[in-house]
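Student: Give the three-dimensional model of this entry:
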Amino acid sequence: MSAFSTVAVLGAGTMGHALALVHALAGCSVRLQDVRPEALERAFGLIEAALDTLVAAGEIGREAAAAAAARIAPTARLEAAVEGAELVIETVVEDRAVKREVYTGIAAAAPAEAIVASNTSYLDVFPLMPEVLQRRAAIAHWYTPPYILDLVDLVPGPATDPAALDRLEAFYRAIGKRPVRFSRMLQGYVANRLQAAIGAEIFRLLDEEGIEPAVIDESIRHGLGLRLLLQGQLGKADYTGLELVAKALANRTYTPPPPRDRSPTLDRLLGEGRSGVMAGRGFYDYGGRSAAALFRERDRKLLALKRAWRAIEGEGA
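Tutor: Below you'll find the model as predicted:
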């Protein structure tokens, strides 16, 4: 039995459809809400494609996939989504005004004891929430695709009842996720802050050094990725030897780039309509392949990697 019988997911975008799927697979009855009919239509297509991939990879059976899909109901109305919900997940656009409006709607229509969890990546959303939500509000931040990647950042607000975070943590652990719990709002958490630091260097390499995207990604995949997956950064440092790490710090002649608010390379791509997989082109051209097909290929490879990682982790048990 699920710890949350009824879940509302507000926003049917890249994360919204995937979080609806996560909770449906966990046995929850899910209402997926978005004011845009086209977003809901696309969301259910992506959910179907993700379930097909999970079945093909042997992660779930066909009957379980059909049952999960049947647990997700679309709605355009926030009030209908949150009615009777025990957990309300907010995954709308990262815009303060939009989020404030959504929280006002939740406060007016959701049950008085419903936990409200935001998937925000960087915003401190707690000041945007009405007082009535503060005790039962938290951040539960996921990484895409969350039906494969297990990390969940759990963050309380200044007035959050610890029991609300306890319940979220227990539920997500029970369904096989890896929640990490913070004692306070830390903008970007850990994984996003590390990604931001890497991103700052990447945009310097693109904008100032003219390095090609493929060279950057090959360097990450074949130089950093395997070791970081196996050991993390600090475990890797132990194998390097901390004396050498200390010397590398002392002998550093390279200064990392300062944070920047924009990138000429990114501006150019966006100006050309190259906004990423959903547009068919971003840093790379995807040759007219659909977003669903590209997500399916990504998910298939991630699942193969995850299976290998489970075996490697088991070797150390």
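
Student: quick one: the helices in this protein?
Tutor: According to DSSP state H, the chain carries its helices in the segments 14-25, 37-56, 62-70, 78-82, 96-109, 131-134, 162-174, 191-207, 213-219, 226-240, 242-250, 264-271, 291-315.

Student: Export those as a markdown table, with columns for mean pLDDT, distance to Tyr284 and mean neighbour count.
Tutor: (C-beta placed from N, C-alpha, C; glycine too.) What follows is the helices of the chain, written out as a markdown table (pLDDT from 0 to 100; distance: least, C-beta to C-beta, whole Å; neighbours: other C-beta atoms under 10 Å):
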| stretch | mean pLDDT | distance to Tyr284 | mean neighbour count |
| --- | --- | --- | --- |
| helix 14-25 | 97 | 18 | 25 |
| helix 37-56 | 95 | 20 | 18 |
| helix 62-70 | 97 | 30 | 15 |
| helix 78-82 | 98 | 36 | 21 |
| helix 96-109 | 97 | 30 | 17 |
| helix 131-134 | 97 | 41 | 15 |
| helix 162-174 | 96 | 33 | 16 |
| helix 191-207 | 92 | 13 | 16 |
| helix 213-219 | 96 | 7 | 13 |
| helix 226-240 | 90 | 22 | 12 |
| helix 242-250 | 91 | 33 | 10 |
| helix 264-271 | 96 | 10 | 13 |
| helix 291-315 | 89 | 10 | 14 |
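
Student: Minimum distance to Tyr122: which of the ones you listed has it?
Tutor: helix 191-207 (6.9 Å; C-beta to C-beta).

Student: Output the contacting helices and strands for the closest one.
Tutor: Of the remaining helices and strands, those touching helix 191-207 by 3 or more C-beta pairs under 8 Å, 6 or more residues apart in numbering; DSSP states H and E are helix 213-219, helix 264-271.

Student: Please name whichever of the ones you listed is nearest to Ala250.
Tutor: Evaluated with C-beta to C-beta, the helices and strands packed on helix 191-207 place helix 213-219 nearest to Ala250, the distance being 24.7 Å.

Student: can you dump the C-alpha coordinates of the closest one into PDB?
Tutor: The C-alpha coordinates for helix 213-219 follow below in PDB (Å, rounded to 0.1, in the frame of the first residue of the first chain):
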ATOM      1  CA  PRO A 213      30.500  20.400 -27.900                       C
ATOM      2  CA  ALA A 214      31.400  16.900 -28.900                       C
ATOM      3  CA  VAL A 215      34.900  17.300 -27.500                       C
ATOM      4  CA  ILE A 216      33.500  18.500 -24.200                       C
ATOM      5  CA  ASP A 217      31.000  15.700 -23.900                       C
ATOM      6  CA  GLU A 218      33.600  13.000 -24.900                       C
ATOM      7  CA  SER A 219      35.900  14.300 -22.200                       C
END
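
Student: any chance of the helices and strands packed on helix 191-207 in TSV, plus distance to Leu205?
Tutor: Below are the helices and strands packed on helix 191-207 laid out as TSV (distance: least, C-beta to C-beta, whole Å):
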stretch	distance to Leu205
helix 213-219	6
helix 264-271	10
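
Student: hang on, Arg100 packs against Leu128?
Tutor: Yes - using C-beta atoms under 8 Å, Arg100 makes contact with Leu128 at a distance of 4.5 Å.

Student: Backbone torsions only: list them for Ile275.
Tutor: Wrong residue type there; residue 275 is Ser, not Ile. phi -100, psi 0 (degrees, to the nearest 10).

Student: Check what pLDDT the nearest residue to it once chain neighbours are set aside gets.
Tutor: Using C-beta to C-beta, 6 or more residues apart in numbering and skipping the chain neighbours, the partner closest in space to Ser275 is Gly282 (6.4 Å). Note on Gly282: pLDDT of 97.
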